[in-house]
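S.K.: Got a sequence here, can you model it:
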Amino acid sequence: MAIAFVQAAQPTGTGSGATTLAKAFTSNNTAGNFLFVTANIHITAGTGTLTVSDSLGNTYTQAPNSPVTQSPEQSYVWYVPSCLSGANTVTVTATGTVAGYIQLGILEYSGVATSNPVDTYGSNSAGAGATITASTIGSTTNANDLVLLMMTSTNGGIGLPTGYTNRCGNDSYFKVDELITTSTGVQSISTSQNSSVWTAQIIAFLPPSSGRSRTSSRSLTSIRTLTTTRSLTSLRSLT
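M.R.: Prediction:
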């Protein structure tokens, strides 16, 4: 099964000082699909952390390169490899002191590996500059990975990297872009923004394993061997 985009709920934000934010998927989630949730805290005068939950009771895994902090921005990524089905509202909750706003975006995909889906990842941030850059720490191992790129900017104006499709957000302050790879290698991006504080997280997710076919081949070999052995034993008994 090829990886395919299903739906996204566009980012929303809170007012200054809010400690929770909820966002609902437009359509019901499909059982076994992949969920990608990303959020950002603006912590101009405090410290805080975010946790995530949803109305279906899915278990979320925080991405290995998350969170990324570049004061006053702190961005998070979580995922669910195989979600439950039904109407779903995702909620992020801040703990500690959060003086700024919270932003939240949610996406659903089909065809992503349901076990150990992360292939490689990377992150970057800076306190100033007109260019956002990020690269994975290693090469992708599958030619058809789903690469998701989450970027934030305090002044907005985030551009679209070459080859990517915007799936959540826009060129403002918070967005998620997607790339389906066609070859293996290190995934790198460079794009413009209005010179300001920025963060970026890039994560490559694997399609389902093709190991099933190899297992089937081994099983057929075992069956043929067993059948041959039994046939020879039967012949010897008759003799």
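
S.K.: center of the protein - which residue?
M.R.: residue 36 (4.6 Å; Cα atoms, centre = their mean).

S.K.: residues in contact with that one?
M.R.: Residue 36 sits next to 77, 78, 79, 106, 107, 108, 109, 148, 176 when contact means Cβ atoms under 8 Å, 6 or more residues apart in numbering. To be clear about C-beta, it is placed using only N, CA and C from the backbone, and glycine gets the same treatment.

S.K.: The one helix or strand it maps to pairs with which strands, and in what direction?
M.R.: Mapping residue 36 onto the secondary structure by DSSP states H and E places it in strand 34-42. Based on DSSP bridges, the pairing partners of strand 34-42 within the sheet are strand 73-80 (antiparallel), strand 102-110 (antiparallel).

S.K.: the helices in the chain, which residues?
M.R.: Assigned by DSSP state H, the chain shows helices spanning 211-238.

S.K.: Show the pLDDT at the nearest residue to residue 172 once chain neighbours are set aside.
M.R.: Spatial nearest neighbour of residue 172, chain neighbours left out: residue 156 (4.3 Å); criterion: Cβ to Cβ, 6 or more residues apart in numbering. At residue 156, the model reports a pLDDT of 91.

S.K.: now do residue 119
M.R.: The model reports residue 119 with a pLDDT of 97.

S.K.: Correct me if wrong: it contacts residue 137.
M.R.: No: in this structure residue 119 lies outside contact range of residue 137 using Cβ atoms under 8 Å: 11.0 Å.

S.K.: Looking at the two now, which is surrounded by more residues?
M.R.: Neighbours per residue (other Cβ atoms under 10 Å) separate residue 119 from residue 137, with residue 119 holding more: 23 against 12.

S.K.: Look up how far residue 165 lies from the more buried one.
M.R.: Going from residue 119 to residue 165 by Cβ to Cβ, to the nearest Å gives 19 Å.
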